[in-house]
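Fold the following.
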Amino acid sequence: MKRILLPILILAFSCKENNPEQAAAEAAEVYSLLGLEYYAPTEANAKLDSNLAVAQKNFDADPSEENYIWLGRRLAYKVNYNRAIEVFSQGIEEYPNSYKLYRHRGHRYLSQRKFDAAIADFIKAAELMPALPLEIEPDGMPNKINKPLSTTQFNVWYHLGLGYYLKGDFENAEQAYLKCMDVSDNDDLIAATADWLYMTYSRQGKTEAATKLLERITDTMTIIENDSYFKRLNMYKGILPVDSVLNVSSTASDADLALATQGYGVGNWYLYNGDTAQATSVFERVIGGKHFSAFGFIAAEADLARIRE
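This next block holds a predicted model:
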């Protein structure tokens, strides 16, 4: 069995517009849809570095399917997407029926804006994975109660829907999100799926289906980690004013990430209500942030690319 011996890297976020000197020294982790290049961080992060060191040690001792997954995930958390994809790809060579490896590689293809490759991986994962029982997926970056909430089945359908959505293929995105809703077994997952499905319906002009979907969103729901999606849903219901969703508190634990998520929902709301100028303004604000791998950031980027065509 092959082993990948990957050095532990200390990485840092930066964005470059066609910098020949840096490009010659290293490949960008992401080539955006708007012509920008994004690189991994260069400053140290003790927690991420430590987690990666443990994953590397475990992999060196035993290159199992699970250790391929964790090595790839730990690399990806450090924004080292190229190497993460290499690890997942070699893992697939060793474990060709691993729907989990396809699921995780597909996620990082989304991060790199390689939507067709991501969709192919999620379709393959869906073919290979069992429908039941639902398999809890361990969190690499735990939530505030340190309890994993999502399942492998959820993540495959959810990210497949995202792949189609980001391409602008809303018909296929709808079908993936409907399957995702079938395996959304707690309030956080229902909120996340309902949010993207609502936007998918709205982009297709399916107002009745979108309105009906919102009936599932109530003030009795217990939301642990998907607060931004829940706020967007309450904006769609008319409970929260649009401006209140866009104005993210600077005291939030990660205000920039919240802006990417909540801001995209606001921009998209303007877009499907016919105000392209306001949508463009909000999308540009979103992509001015640092979280270039956030799905709201990628979606804003994709919509801006289509608007500017």
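
Buried ones in the strand or helix carrying Ala279, by neighbour count?
For Ala279, the enclosing helix or strand under DSSP states H and E is helix 276-286. Going by neighbour count (16 or more other C-beta atoms under 10 Å), the buried part of helix 276-286 is Gln278, Ala279, Thr280, Val282, Phe283, Arg285, Val286. For the C-beta atoms, the positions are set from N, CA and C on the backbone; glycine is no exception.

what about that helix, distance to the chain center?
Put simply, helix 276-286 sits 20 Å off its chain's centre (C-alpha atoms, centre = their mean, to the nearest Å).

List of residues touching it?
The contact list for helix 276-286 (C-beta atoms under 8 Å, 6 or more residues apart in numbering) reads 246, 259-260, 263-264, 266-268, 270-271, 296-297, 300-301, 303-304, 307.

Ok, stretch 91-103 next?
1-2, 63, 65, 68-69, 72, 88, 105, 121-122, 124-129, 152, 155-156, 159.

Return the members of these classed as buried.
Members of the contacts of stretch 91-103 classed as buried by 16+ other C-beta under 10 Å are 63, 68-69, 72, 88, 105, 121-122, 124-126, 128-129, 152, 155-156, 159.

Strands of the stretch 51-200 of the chain, residue ranges please.
Counting by DSSP state E, counting those that start in this stretch, the stretch 51-200 of the chain has no strands at all.

Output the lowest mean pLDDT helix or strand found in the protein.
Taking mean pLDDT, DSSP states H and E as the measure, the chain has helix 20-25 as its least confident helix or strand, at a mean of 43.

circling back to that earlier point, buried subset of the contacts of helix 276-286 as a PyMOL selection?
Buried subset of these, written as a PyMOL selection, criterion 16+ other C-beta under 10 Å:
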select buried, resi 246+259+260+263+264+266+267+268+270+271+296+297+300+301+303+304
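
give the contact list for Lys167.
Phe115, Asp116, Ile119, Ala302.

So which of these are in helices?
Phe115, Asp116, Ile119, Ala302 (DSSP state H).

distance between stretch 103-113 and the chain's centre?
For stretch 103-113, the distance to the chain centre is 8 Å (C-alpha atoms, centre = their mean).

so where's the stretch 1-150 of the chain shaky on pLDDT?
The model of the stretch 1-150 of the chain has pLDDT under 70 over residues 1-25.

Go again with 90.
1-27, 41-43, 139-149 (pLDDT under 90).

which residues in it form helices?
Here the stretch 1-150 of the chain has its helices, by DSSP state H, counting those that start in this stretch, at 20-25, 46-61, 65-77, 81-94, 99-111, 115-128.
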